[in-house]
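Student: fold the following and give me the result.
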Amino acid sequence: MKKLRLLCLPGWRTNASILRTQLAGFLPGPEVDIEFDTIDGTFPASGPPDEAIRTFFPNEDYYEWWDRDQDNTYKGLDETLDRVAGIIDKADPPYDGVLGFSQGAGLTSLLSVYCSTPGEDARFYKKFRFAILIAGFPPRDPSLRAFYKEDGSIGLPSIHIWGTADGLSMASATLARKFDQKSVLLHIHQGNHVVPKLLKDSEAYQSVHGFLKHYATEPTAQWSNSL
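Tutor: So this is what the prediction gives:
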């Protein structure tokens, strides 16, 4: 069984260390060996983080993947894509998957589009075998909306996780529908905007673990929810 390597993208105005802490209880004691390679966002935060982040992670350097103009244009997205493409290109061994939380999941959704769509951005095409999106949402930038018009149009196998108490829950559900439903795994928990802890004996744990175990044991086959 191979070790899985995941590129992990933190949420808005947090950092790589915070995401590592958030992921610590996400998948306790899996049989699958997983390297969570977390990286900081591209830009220093343009403002303060959420109060909960300031409370639990004080005196940190905070980062973001982009900032938004008044018309929702993402300032800095091109620089972020250039940087992430360089990290992927230098990865040794290559990444098996990409994981994102919150704003990082928004970026993960765009990487999923490029990864599964020939002719969009060759730097990302077929660079990942799967994606994990936690508390994600479709990008708000008007220039990106065309990628998210059709349900089922994003072909990368994916896990989507969100909480019913999260103010972004409807956006997370909308994003999940944009992915090919034959290769989508959903976990909806009762919490808010968090990385949930999956209890080892729970159905959610078994489902997520089974998805990851497939990629650790099958070098080429794509996961399907009909397996």
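Student: residue contacts, the nearest residue to Arg5 once chain neighbours are set aside?
Tutor: In this structure, Arg5 finds its nearest non-sequential neighbour in Glu35, 4.7 Å apart by CB to CB, 6 or more residues apart in numbering. In this view, the C-beta of every residue, glycine as well, is placed from N, C-alpha and C. Glu35 is in contact with 3-6, counting by CB atoms under 8 Å, 6 or more residues apart in numbering.
Student: so Ile161 is in which element?
Tutor: Taking DSSP states H and E as the definition, one finds Ile161 inside strand 158-163.
Student: pLDDT averaged over that strand, what's the number?
Tutor: The average of the pLDDT scores along strand 158-163 is 98.
Student: repeat for stretch 73-88
Tutor: pLDDT averaged over stretch 73-88 gives 98.
Student: show residues contacting it.
Tutor: Residues contacting stretch 73-88 (CB under 8 Å, 6+ apart): 7, 9, 39, 41-43, 65-69, 94-95, 107, 111, 121, 123-124, 127, 139-144.
Student: helix, strand or coil: sort out Leu7 for me.
Tutor: strand (DSSP: H, G, I helix; E, B strand; the rest coil).
Student: pretty sure it sits against Ile39.
Tutor: Yes. Between Leu7 and Ile39 there is a contact at 7.2 Å, judged by CB atoms under 8 Å.
Student: burial measure for Ala221, as a count.
Tutor: A count of nearby residues for Ala221, using other CB atoms under 10 Å, gives 11.
Student: surely the residue nearest to Arg5 is in a strand?
Tutor: Yes. Looking at Glu35 with three-state DSSP, it is inside a strand.
Student: that older thread, ok, of the contacts of stretch 73-88, which come out buried?
Tutor: 7, 9, 39, 41-43, 65-66, 95, 107, 111, 123-124, 127, 139, 141, 144 (16 or more other CB atoms under 10 Å).
Student: can you flag which of those belong to strands?
Tutor: 7, 9, 43 (DSSP state E).
Student: which strand residues bridge the residue positioned nearest the centre of the chain?
Tutor: Closest to where the C-alpha atoms of the chain average out (CA atoms, centre = their mean) is Gly100, at 2.3 Å. Note on Gly100: beta-bridge partners by DSSP bridges are Leu9, Leu133.
Student: how near is it to Thr220?
Tutor: Distance of Gly100 to Thr220, computed by CB to CB, to the nearest Å: 24 Å.
Student: likewise Ile18?
Tutor: 35 Å.
Student: compare these two (neighbour count), which wins?
Tutor: The neighbour count for Ile18 versus Thr220, taken as other CB under 10 Å, is higher for Ile18 (22 against 5).
Student: what residues are up against the more buried one?
Tutor: Ile18 neighbours (CB under 8 Å, 6+ apart): 10-11, 53, 57, 60.
Student: tell me if I am right that it is in a helix.
Tutor: Yes. Membership of Ile18 in a helix is supported by three-state DSSP.
Student: confidence score at it?
Tutor: 98.
Student: equivalent analysis for Pro30, please.
Tutor: Pro30 is given a pLDDT of 68.
Student: where are the low-confidence patches of this structure?
Tutor: 30, 226-227 (pLDDT under 70).
Student: all helices for it, in order.
Tutor: 16-23, 51-56, 77-90, 103-116, 169-177, 203-217 (DSSP state H).
Student: just how off-centre is the fifth one within its chain?
Tutor: Right, helix 169-177. 13 Å (CA atoms, centre = their mean, to the nearest Å).
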